[in-house]
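A structural model of the following input is requested.
(8 chains)
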Protein chains: 8
Amino acid sequence: MNILAGIVMGSDSDLPVMEKASAVLIELGIPFELTVVSAHRTPARMMEYAAGAHKRGLKVLIAGAGGAAHLPGMLAAVTPLPVIGVPVRSSNSIDGWDSILSILQMPSGVPVATVALNGARNAGILAARILSVADEALQEKLILFMEEQKQKVEGKVKALKDKGFPNEFDRF
Amino acid sequence: MNILAGIVMGSDSDLPVMEKASAVLIELGIPFELTVVSAHRTPARMMEYAAGAHKRGLKVLIAGAGGAAHLPGMLAAVTPLPVIGVPVRSSNSIDGWDSILSILQMPSGVPVATVALNGARNAGILAARILSVADEALQEKLILFMEEQKQKVEGKVKALKDKGFPNEFDRF
Amino acid sequence: MNILAGIVMGSDSDLPVMEKASAVLIELGIPFELTVVSAHRTPARMMEYAAGAHKRGLKVLIAGAGGAAHLPGMLAAVTPLPVIGVPVRSSNSIDGWDSILSILQMPSGVPVATVALNGARNAGILAARILSVADEALQEKLILFMEEQKQKVEGKVKALKDKGFPNEFDRF
Amino acid sequence: MNILAGIVMGSDSDLPVMEKASAVLIELGIPFELTVVSAHRTPARMMEYAAGAHKRGLKVLIAGAGGAAHLPGMLAAVTPLPVIGVPVRSSNSIDGWDSILSILQMPSGVPVATVALNGARNAGILAARILSVADEALQEKLILFMEEQKQKVEGKVKALKDKGFPNEFDRF
Amino acid sequence: MNILAGIVMGSDSDLPVMEKASAVLIELGIPFELTVVSAHRTPARMMEYAAGAHKRGLKVLIAGAGGAAHLPGMLAAVTPLPVIGVPVRSSNSIDGWDSILSILQMPSGVPVATVALNGARNAGILAARILSVADEALQEKLILFMEEQKQKVEGKVKALKDKGFPNEFDRF
Amino acid sequence: MNILAGIVMGSDSDLPVMEKASAVLIELGIPFELTVVSAHRTPARMMEYAAGAHKRGLKVLIAGAGGAAHLPGMLAAVTPLPVIGVPVRSSNSIDGWDSILSILQMPSGVPVATVALNGARNAGILAARILSVADEALQEKLILFMEEQKQKVEGKVKALKDKGFPNEFDRF
Amino acid sequence: MNILAGIVMGSDSDLPVMEKASAVLIELGIPFELTVVSAHRTPARMMEYAAGAHKRGLKVLIAGAGGAAHLPGMLAAVTPLPVIGVPVRSSNSIDGWDSILSILQMPSGVPVATVALNGARNAGILAARILSVADEALQEKLILFMEEQKQKVEGKVKALKDKGFPNEFDRF
Amino acid sequence: MNILAGIVMGSDSDLPVMEKASAVLIELGIPFELTVVSAHRTPARMMEYAAGAHKRGLKVLIAGAGGAAHLPGMLAAVTPLPVIGVPVRSSNSIDGWDSILSILQMPSGVPVATVALNGARNAGILAARILSVADEALQEKLILFMEEQKQKVEGKVKALKDKGFPNEFDRF
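Numbering: from 1, shown residues only, chains lettered A, B, ... in the order given. This is a model prediction of the structure:
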């Protein structure tokens, strides 16, 4: 099966965050690849990765980075694919503000689809929503996925009531 | 031709910003609709809009709002489509920080593809990149679009040199 | 006895914070209910909860959420009741700034009574102050409650003096 | 008719903002008083105002102030009534951050119901919601008020469509 | 000997920070008192403390508080004495920003001499500098105090050199 | 009459702000001097000014600066006098945050009495409060000064009532 | 004469700021070139510029950009030359915070010498200081340059005294 | 061999951060000295250090400090050498914001080359890049140094692939 999503990160220290993107892609059955591409330490590699991605059949990129995070924006400058940026609260980041602003505030002409700080799981789901534009079955899966999320909350509603918290809204 | 993108905004005061999204969609030949949907003043309308969007054939939503901007996130909670959020620096916003954070920092499970403050033009381009997942001709257009951006910069390079600024890098 | 206050939270991970609201309501003898209502994972449930609250006899709502916290504002968009918002410094929050701004900065027409970050105890006291508008005995209790707070400080004044810190102001 | 709401502000320079609170109370038929009470320039007056408010029959206070805004919190320290705080972006304020934080971040035991920066109109609406706890007719008015807000948005929806923006969702 | 400085704090949880003010006053031989005065829980006590301080012979006040920290500013509103404010990074504070801004940003007419976050030791030294306006011997002590600080640094310079760090500037 | 207060600023562009300090000193009859001392452009002059101030009979320094504002802190490092720092929102400042933090956050041992952003008038009043430690007549003047501030507010209270705003608290 | 410094900017809208860098280089007699290099719109041009700079004899680069400013960091990733970054408060920037953080917070291994927001003049002076490492005559010029700055301040000192501001420190 | 770089810090508590600057200088074979120079506790020492540095043959200074960090800027005010500033997130700093702003935001005329928060290693590399202006062999070393960084990333790429993460881009 063709790889559709490329997950890249500026450093392997971002892996604990970025693995959540790959986990949700596995969960939704979307073939992906995952590797390290550093805008600052391997700029030529980054250019090559970005330039070739759509030619290799990839449809969406997910890029995570921290601090002065240039990877998502630089990929978006080279590839025509939609790029999802994950600001990572890395050790060299100021509470994540630098990661967020240097990914989000792209100039007119070169968009990055930014998700929440450390929001790699949401990056994976967003990638799936994007791929579902061309894949009706995937959209069905996503609707189910949302239904399951709802049911998990309902389970917690029940658990709270069972613990003895008064609740007149839910009549089980 | 089928409408593929829905552009909605919390208030018609957001129109001067959000029109830049529609302008780029027109430029790229993508059929869209544009209207006002207020999460706070018309919550039922918002729920209905979000619930029906994918059934009406829409493939991507662009939502702009300012201050405690709940529209993009609430749409994303109801629709399975990718939702692009545009933080608007409206008059009731604190330099845009509230708009950004209340759109960007969505909880796990419900992503919003956030673009820069007032970045509606980038929201339109991102929508086009997303739609190009299912439309090769559109991807070609986007590659051309990037090429044109490059050429505009080169024009400015020339203009600066013509103004007399020394420049040994560019040999025209 | 009729339930007067509804305490809801976006996730059961907010419970350790939000329980302080219920604790103070118990202390002041105000009947309440407490459950999970997620704006993002259970939007329909949220709409239903908000639409029915005043019909079920509730007089005030307390809603806690973190990150892009849409629950308090969305409830306030549907119910005519006063809604108290508690910004929660949850794990996915940026030091609480996102929680605060996405609850506080509501647009004109739809107010949320926002309390301090993690200020669920104050949310409970504020709910009591609001209910005392229709309940003179409760106002008396609140005056007593403030008197007791004063006495606790006086106890600490004495303790500090007993520890040997010089203090010429208080002549015990 | 008895005065139910007291609107106070730290300086008459806050009047252009705070008048929006009185305007909405007039609109909703709620008797109020409005004056200047400065925590810093007239501390004794402030103590007296706060101590007597509930004895004079007031049911809710709205207090606006800017910079190191101590008025709402100090009133709340003395009165048992619900106090609504309006952070004002005054000339001596740092983009409103000081006004917001010094009103919002009250210690446990003394709540202030904080609204958005310059959100005096919302303070008035919140006061009405609070008073409606003891006044069913007022709650009816508030439901109507929300309905009218909805209709204003629908008017704008129509206006945008009439301007020629495509809109397949609304079939007028 | 007459008490010259009053150290007060909003809560006894501020004691670990505020004790550093008393420690330096002891070191410099300045008689002081130290107690709890809560602007929010004991407003009448606070008014009384502030109103009487200069009559009891005090010459300077040091007030520490966290969160929406109103104590220093309210004291300064009542007393003609110089008031030194210590923003405390308490548990209910947002990284100290609220404490700083609600102490520092006082309106024109009512100054508070604000020191760094948790800077109680500096508050004590500042109180000594203020008292030295009327006490030449104290000024001499402060000059010595600064000399000792310099010597401590010189000790560290030597220690670093002894550890083997190259240093051609200092010839011991 | 001996000069008691030295007002210095980093640049003559700070004069419109810093003149408010001299204005209030004139109002209170306190002899002062005012000049430009730049920590960055005239470091030797700054060292000399600071080292000699107490020898020339000055009792308090007021220093205003913007951006990376080192003047107040460097003066405080050399002089034993109390130094009041005025953060100036100059053209090269980021909304004043840099000015505030580089004046306020002095390390332990070297205090600066920081006032609000652009708060030069408060710096003058604070200088007067400090000087009143050695001057009972000045303390009397300051008590009168506070009384006059109170009366100005009362004038505004009357003006608002005369404009027709309901006010049951003030019975004129 | 060989070009020693390359001044580049992300967009010609940065020219009014960045011209101040070229102005000071002209003042100090340092040969430079100035052009537009956009990391996002002309990534290949940027790579080529950075890769060739040291081969063409350049000794230092000055790069200005606003918003998610990737140009300085990306140049530094490719060239071995010292790169000076100028954060520009462009129209699409959030008060300059995004520009600052995305230039300053570079990961370990790839430094950018960041100057103040809009600090292009300082970037030029810093470039001169850097070049003076290999050019004693230039160091002499810089010492003179600092002397002239001092004299300008002294002129202002005199002007203030001539205006009538008391000043006992300066005896002209 | 002549010492070329001076590393100074405001306090020996900054040593764990600042040692990373000396480590990289050792790695690159650049002779340096390292000591404590406190702008606030030893102002005369600081003036003397700055005034003599270029006369002793030093070519570049690296200065680290936290909180209201005046050391880098004051050195730059006195020396004609390039000064690299390292904002340190010390215990008395507010998340590093004060350190950054009081080093970065220098006024026109007196530049400091600021690196990332705690970025002492980058300060060392930047010093090397600066020294390479006069030392071709050092430039060669820096090019090698960048090559090694690239190879480390490639090692991690391989490690991730070996762990089983899919990766079609890298064909080993």
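
how about the strands of chain A, start to end?
All strands of chain A, identified by DSSP state E, fall at A:5-9, A:32-36, A:60-66, A:83-88, A:113-114.

D:Leu142 is nearest to which of these?
strand A:113-114 (37.9 Å; CB to CB). Any C-beta I mention is one placed from the backbone N, CA and C, and that applies to glycine too.

circling back to that earlier point, format the strands of chain A as CSV; extra columns: mean neighbour count.
Listed next are the strands of chain A as CSV, based on neighbours: other CB atoms under 10 Å in any protein chain shown:
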stretch, mean neighbour count
strand A:5-9, 28
strand A:32-36, 23
strand A:60-66, 30
strand A:83-88, 32
strand A:113-114, 33
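
the lengthiest helix in chain A vs chain C: in contact?
Using DSSP state H to define each element, chain A has its longest helix at helix A:136-162. Yes. Against chain C, helix A:136-162 shows contacts by CB under 8 Å from any CB of the partner chain at A:Met146, A:Gln149, A:Lys150, A:Lys152, A:Val153, A:Glu154, A:Lys156, A:Val157, A:Ala159, A:Leu160, A:Lys161.

check stretch A:60-73 too.
No. Stretch A:60-73 lies out of reach of chain C by CB under 8 Å from any CB, never closer than 13.6 Å.

is chain H within reach of that stretch?
Yes. Stretch A:60-73 reaches chain H (CB under 8 Å from any CB) through A:Gly67, A:Ala68.

apart from its chain neighbours, what residue comes closest to the residue in chain A positioned nearest to chain G?
Of all residues in chain A, the one sitting closest to chain G is A:Ser102 (3.3 Å; CB to the nearest CB). For A:Ser102, ignoring the flanking residues on the chain, the nearest one in space by CB to CB, 6 or more residues apart in numbering or on different chains is G:Ser102 at 3.3 Å.

show me the contacts for the one you found.
A:Ala68, A:Ala69, A:His70, A:Asp98, A:Leu101, A:Ser102, A:Gln105, G:Gly67, G:Ala68, G:Ala69, G:His70, G:Gly73 (CB atoms under 8 Å, 6 or more residues apart in numbering or on different chains).

from E:Leu117, how far out is the closest residue to chain F within chain A?
Closest residue of chain A to chain F, CB to the nearest CB: A:Trp97 (13.0 Å). A:Trp97 sits 19 Å away from E:Leu117, going by CB to CB, to the nearest Å.

any low-confidence regions in chain A?
Applying pLDDT under 70 to chain A flags residues A:1.

contacts only, for the residue nearest to A:Leu138 when sequence neighbours are not counted.
Once flanking residues are discounted, A:Leu138 sits nearest to A:Ser132: 4.1 Å by CB to CB, 6+ apart. A:Ser132 sits next to A:Leu138, A:Gln139, A:Lys141, A:Leu142, B:Pro80, B:Leu81, B:Pro82 when contact means CB under 8 Å, 6+ apart.

could you dump stretch A:117-125 to PDB, C-alpha only?
The C-alpha trace of stretch A:117-125 is given here as PDB (Å, rounded to 0.1, in the frame of the first residue of the first chain):
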ATOM      1  CA  LEU A 117       1.300  22.600  21.500                       C
ATOM      2  CA  ASN A 118       2.400  19.000  21.600                       C
ATOM      3  CA  GLY A 119      -0.800  18.200  19.600                       C
ATOM      4  CA  ALA A 120       0.600  15.400  17.500                       C
ATOM      5  CA  ARG A 121      -2.400  13.200  18.000                       C
ATOM      6  CA  ASN A 122      -4.600  15.900  16.600                       C
ATOM      7  CA  ALA A 123      -2.100  16.300  13.700                       C
ATOM      8  CA  GLY A 124      -2.700  12.700  12.900                       C
ATOM      9  CA  ILE A 125      -6.500  13.100  13.000                       C
END
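
quick check, it touching chain G?
No. Residues of stretch A:117-125 are not located near chain G by CB under 8 Å from any CB, the shortest gap being 13.6 Å.

circling back to that earlier point, what residues sit buried inside the longest helix of chain A?
Buried residues in helix A:136-162, counted by 16 or more other CB atoms under 10 Å in any protein chain shown: A:138-139, A:141-142, A:145-146, A:149-150, A:153-154, A:156-157, A:160-161.
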